[in-house]
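> Sharing a sequence plus its predicted fold:
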Amino acid sequence: MKKKLFVLLLIMSSQLVRSQEKITVNKHYYSREDGRLYVPKSFPAFLYITSDTISKKDIQRLESQEMPQYTNPFYFDTEGRNTIRSPWAVDKETKQTIEPRIDVVFDVFVDGSTPITRHHYSDAPTYSLNKNIYYGKGITVDLKSSDKYSGVETTYISVNNAPFDKAENTISEWIEGENIIQYYAIDHVGYVEETHKKSFIFDTTPPVTTHTIEGPKVEAIVSPKSIISLSSVDSLSGVHRIYYAINKEKMKQYVAGYTFGRLTDGEHIVRWKAEDNVDNIELEKSFKIYVDKTAPETKYNIEGDLYKKGKIKYISLRSKIGLTATDNKAGVEATYYNPDQTAQITYSEPFGIEGKFGKHNIAYWSKDKVENNEKIHSFGVFLDNKNPATRISYSKKQFFTRDTLFIGPKSKFSLNASDRGAGISESQFSINGGETQKYKKEQKLEKEGFYTIRFNSKDKVNNLETEKTSEVFVDASPPEIYINFSIKKINDTEKDGKKLPVYPNYSRMYIGATDKYCGTDRIEYAINKGAFADYSSPKTLDISELDLFQESKFYVVKIRAYDKLGNMSEKQIEFYVKNE
């Protein structure tokens with residue numbers, strides 16, 4: 001009957017294993033192979049006696065006359081070995097008492113304790129945080145069950161709420177994340193251990209690291225000011241360390257952002273990986289960057305009016321200054337200029353210089369798209385915003401009257417230009433509306449008449465003077481000479497075939513001259529090849545006041561009249577004086 005019950009319990013146990021419910025068994029006797037009998041301590045005990053070894057029909061239960069209250073049933077109070085004794089031992093053949101006398105001892109082993117099961121994790125990477133235990137790759141679990149008396153019959157385990165099954169092998173297959181282990185053991189007399197429940201987090205996935213670049217950058221071109229920051233996330237055990245290296249350096253622990261200013265100008269490779277708390281290591285990643293430490297290079301050029309004299313660059317208000325910037329890698333972000341330290345201006349197109357006449361200083365520089373600032377350069381210019389000044393001058397002699405300047409026929413005019421800045425490039429003129437000509441040398445005005453001369457000059461930065469006008473009259477007509485005597489001729493005579501008048505010796509000669517434009521300036525005369533003398537000057541007597549014709553003879557008088565410009569007319573008179 002007991003054997004059938006045991007088989008039935010086994011069948012029921014195999015069915016229960018298929019569910020999540022804990023397997024239970026009824027307590028029972030257990031007879032070990034060596035004949036040792038184990039009984040559950042909680043079982044009641046009865047003693048029976050029989051002499052029938054075959055049918056076992058004649059069985060009598062033993063009664064205790066002395067202690068009926070503690071028998072039928074009685075209970076074993078001690079775990080482990082218990083004995084039932086009968087004094088003394090009798091030889092089975094002779095039926096005689098054995099000498100020396102010894103007790104007949106029946107052993108009964110009592111088991112009142114449940115098994116004890118302990119779990120053991122293999123030496124996989126482990127980490128604890130907030131009562132959570134994390135394991136890495138290679139984690140296995142072994143269960144070791146022990147029982148003090150009857151021994152362990154079966155150990156059961158359930159992984160992640162699966163049905164309980166016999167724990168026959170090392171457990172090595174887990175799901176990523178939390179794993180729950182439940183286990184217990186049953187001994188040979190049916191004592192069932194309390195279910196143990198353990199959990200751990202299985203982590204085989206390495207961290208994932210991302211990078212960010214803070215500061216100036218253009219795609220993979222970075223500034224020396226830029227910082228690369230690494231950030232890792234791990235969904236289970238958490239990030240233990242981040243490692244990084246530049247180029248072929250050995251990996252070292254990442255603590256804070258790395259500034260690219262430590263690197264040389266040019267291309268570099270940033271490498272990194274992360275490790276979590278259970279030794280899962282990320283595959284190495286890398287990022288190629290170009291550290292741009294080179295500032296742009298800016299050049300200037302002057303468009304339009306420009307004249308160089310030594311180190312001085314003369315420009316006009318029309319001149320434009322252009323700035324051209326180039327950059328080796330990131331590209332130019334902006335170009336700036338600052339004229340005369342007035343204000344920083346972002347360059348967009350060629351600009352002119354305004355302000356006072358004289359020297360100006362222009363500072364300029366550029367920055368690239370990763371904020372490399374070029375060293376400030378500067379250059380000077382001389383702003384020539386004043387036109388030249390041209391004067392016209394006429395050669396002597398000149399006479400001004402009635403709002404008109406008169407000059408003689410051999411007079412010349414000159415243009416004299418001056419410029420405070422770049423200097424004169426050329427002067428030009430036109431006469432009486434004629435063709436404009438470049439002035440090279442002084443010009444003659446020979447024909448008599450009224451002249452309008454227009455002229456101006458241009459300097460070497462093309463500042464053009466407003467055209468000026470000068471009006472002048474060329475007087476080429478000499479005075480007209482008039483000769484009168486104080487008395488009419490008294491006769492005529494001949495000399496060399498010429499008929500000459502005759503005047504008495506008391507005659508006086510009067511000389512006069514008139515000029516068409518400027519008036520007569522002076523008259524002079526000479527008698528008979530004598531020296532010329534001024535007629536009617538403050539220092540001499542008038543010829544009419546001198547007795548110059550007293551002798552009876554032929555006289556030849558030469559007369560010259562000059563106007564105020566030096567135009568001269570000459571006249572000669574011949575006559576005979578008779579002394580009466």
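Thanks, I have it. Numbers count the residues shown, from 1 in each chain.

> from here on, contacts and neighbour counts on C-alpha atoms
Fine.

> So, low pLDDT: which residues of this protein?
Along the chain, the model assigns pLDDT under 70 to residues 1-20, 54-56, 537-547.

> 50 instead?
Along the chain, segments meeting pLDDT under 50 span 1-19.

> That one: helices as residue ranges?
Remark: helices assigned in the chain by DSSP state H are 2-16.

> what residue is smack in the middle of it?
residue 370 (1.8 Å; CA atoms, centre = their mean).

> Residue 219 is in contact with that residue, correct?
No: look at residue 370 against residue 219 with CA atoms under 8 Å: they stay out of range, at 10.3 Å.

> Run a quick neighbour tally on the closest residue to residue 367 other than its chain neighbours.
What sits nearest to residue 367 in space, not counting adjacent residues and going by CA to CA, 6 or more residues apart in numbering, is residue 373, at 4.3 Å. The number of residues packed near residue 373 is 19, by other CA atoms under 10 Å.

> Name all residues that make contact with residue 52.
Counting by CA atoms under 8 Å, 6 or more residues apart in numbering, residue 52 makes contact with 58, 59.

> And for residue 168, the neighbour number?
For residue 168, using other CA under 10 Å, the count is 12.

> Give me the phi and psi angles of it.
Phi and psi for residue 168, reported as degrees, to the nearest 10, are phi -100, psi -20.

> Identify the residues contacting it.
Residue 168 makes contacts with residue 155, as judged by CA under 8 Å, 6+ apart.

> ok, so what distance separates it from residue 184?
13 Å (CA to CA, to the nearest Å).

> repeat for residue 70
Separation of residue 70 from residue 184 (CA to CA): 35 Å.

> Equivalent analysis for residue 578, please.
Distance, residue 578 to residue 184, by CA to CA: 187 Å.

> In terms of packing, which of these two has more residues around it?
residue 184 (27 against 19).

> list the contacts for that one?
Counted by CA under 8 Å, 6+ apart, residue 184 has contacts 116, 117, 155, 156, 157, 192, 193, 194, 195, 196.

> can you check residue 482 too?
If you count contacts by CA under 8 Å, 6+ apart, then residue 482 has 511, 512, 513 around it.

> who's it bridged to?
residue 512 (DSSP bridges).

> chain center to stretch 36-51, what's the gap?
In terms of CA atoms, centre = their mean, to the nearest Å, the centre of stretch 36-51 is found 96 Å from the chain centre.

> If you could redo that for stretch 465-479, that was the one I meant.
Counting by CA atoms, centre = their mean, stretch 465-479 is centred 69 Å from the centre of its parent chain.

> Residue 48 touches residue 60, doesn't it?
Yes: counting by CA under 8 Å, residue 60 is a contact partner of residue 48 at 5.3 Å.

> quick one on the thing from earlier: surely the residue nearest to residue 367 and residue 295 touch.
Yes: with contacts counted by CA under 8 Å, residue 373 reaches residue 295, the gap being 5.6 Å.

> list the residues that contact both of these two?
Contact with both residue 373 and residue 295 is made by residues 366, 367, according to CA under 8 Å, 6+ apart.

> Adding distance to residue 250, write the contacts of residue 184 out as a markdown table.
Output for these, formatted as a markdown table (distance: CA to CA, whole Å):
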| residue | distance to residue 250 |
| --- | --- |
| 116 | 51 |
| 117 | 48 |
| 155 | 51 |
| 156 | 50 |
| 157 | 47 |
| 192 | 58 |
| 193 | 55 |
| 194 | 53 |
| 195 | 51 |
| 196 | 47 |
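
> In strands, which of those residues fall?
Secondary structure defined by DSSP state E assigns 116, 117, 155, 156, 157, 196 of the contacts of residue 184 to strands.

> In CSV, list those residues along with distance to residue 179.
Listed next are these as CSV, based on distance: CA to CA, whole Å:
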residue, distance to residue 179
116, 22
117, 19
155, 19
156, 17
157, 13
196, 14
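
> Would you mind writing the PyMOL command to select the buried ones in those residues?
Selection of buried members from those for PyMOL, criterion 16 or more other CA atoms under 10 Å:
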select buried, resi 116+117+155+156+157
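
> Can you name the two of the ones in strands among the contacts of residue 184 that sit furthest apart?
116 and 157 (13.7 Å; CA to CA).

> how long is stretch 51-70 end to end?
Stretch 51-70 has an end-to-end distance of 26 Å (CA to CA).

> mind listing what the closest residue to residue 322 other than its chain neighbours touches?
Distances taken as CA to CA, 6+ apart put residue 350 closest to residue 322, at 4.4 Å, once the chain neighbours are dropped. Contacts for residue 350 (CA under 8 Å, 6+ apart) come out as 320, 321, 322, 323.

> now, among the residues you listed, which is nearest to residue 248?
Using CA to CA, residue 323 comes nearest to residue 248 of these, at 41.6 Å.
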